[in-house]
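J.: fold the following.
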Amino acid sequence: MKAYVFPGQGAQFTGMGKDLYDKSPLAKELFENANSILGFRITDLMFTGSDEDLRQTRVTQPAIFLHSTILAAVMGDSFKPDMVGGHSLGEFSALVANKTLTFSDGLILVSKRAMAMQKACEKMPSTMAAILGLDDKIVEEVCASINEIVVPANYNSPGQIVISGSNEGIDKAIDILKEKGAKRAIKLSVGGAFHSPLMEPARLELEEAIKNTFFNKPVCPVYQNVNAKPSIDPESIKTNLVAQLTSPVKWTQSIVNMIADGATSFTEVGPGCVLSGLIKKINRDIITESATF
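T.: Below is the predicted model:
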């Protein structure tokens, strides 16, 4: 069975999507449609913008979403997923790819998500840190022991977990985790504490938007970040998508479950190849590739 996976924030780069725009009339049409929906020419920022431009949350999230979903559309009949999954933001791309969401509805939700998260970040300074070389349970125990908001945010692969929380809490966690033997414990260059309780204002805002958006029954299951389980029920997908903002991304668990359910190969659709690298760390024998058109 063939699984397709979609990357999240951090995969962006200057020039992303330009080859699609230049070579495919369908891609050009979809990009121009996106410019109209967003009310600004995101294509200019994607194709020639600076790293600083692309780091703006209002740009980063729709840019990665567009690259992924348009690449899947351009693949045409060769895009035949038996199952899909996306890392954080990538879950929205996956839901367009498996026909749960239309392209325009997906883009509108991603844009609203980005703006809501940006506002939540501005309310309270916060951050995230990558922890390498420790068992997940040790990281979880340390987070729970700190008298600050600090939680596991991304279970990326065995021995690689990202934590999220207040600036003070993350500093404390880093010190303790280094003492516990972490190979690396480093702050990430992000706008705030994604996938933590500090995103509650964004969750409430996005919940209203998702509630008012029509979700189709998908053509194949989506393995969602919140529970790492497959779903084809539109209402369950909505509920999990809302909860995602304040819950950890269970990526390791999702990939393990996809393989257990029959996935024999994974194709990464979008900028970069970060997910392919993580999948190889989860199961070195599985086939991974990057999508082409």
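J.: do you know how far the residue of the chain most remote from its centre is from residue 25?
T.: If you look at how far each residue of the chain sits from its centre, by CA atoms, centre = their mean, the farthest one is residue 179, at 30.3 Å. Relative to residue 25, residue 179 is positioned 57 Å away (CB to CB, to the nearest Å). All C-beta atoms are positioned from the backbone trio N, CA, C, and that covers glycine.
J.: before we move on, back to that, separation between the residue farthest from the centre of the chain and residue 165?
T.: 18 Å.
J.: over to residue 231?
T.: Applying CB to CB, the value for residue 231 to residue 165 is 28 Å.
J.: centre-most residue in the chain?
T.: residue 88 (2.5 Å).
J.: show me the contacts for it.
T.: Neighbouring residues of residue 88 by CB atoms under 8 Å, 6 or more residues apart in numbering: 8, 9, 154, 194, 195, 225, 244, 249.
J.: can you pull out the helices in the stretch 151-293 of the chain?
T.: 167-179, 200-211, 234-243, 251-260, 274-282 (DSSP state H, counting those that start in this stretch).
J.: closest one to residue 111 among those helices?
T.: Between residue 111 and these, the shortest gap by CB to CB is with helix 200-211, which sits at 9.7 Å.
J.: surely residue 186 is in contact with residue 128?
T.: No. Residue 186 is not in contact with residue 128 according to CB atoms under 8 Å; the separation is 10.1 Å.
J.: who has more neighbours out of those two?
T.: Neighbour totals were compared for residue 186 and residue 128, and residue 128 leads with 21 against 11 (other CB atoms under 10 Å).
J.: is that one bridged to anything, and to what?
T.: In this structure, residue 128 bridges to residue 164 when assessed by DSSP bridges.
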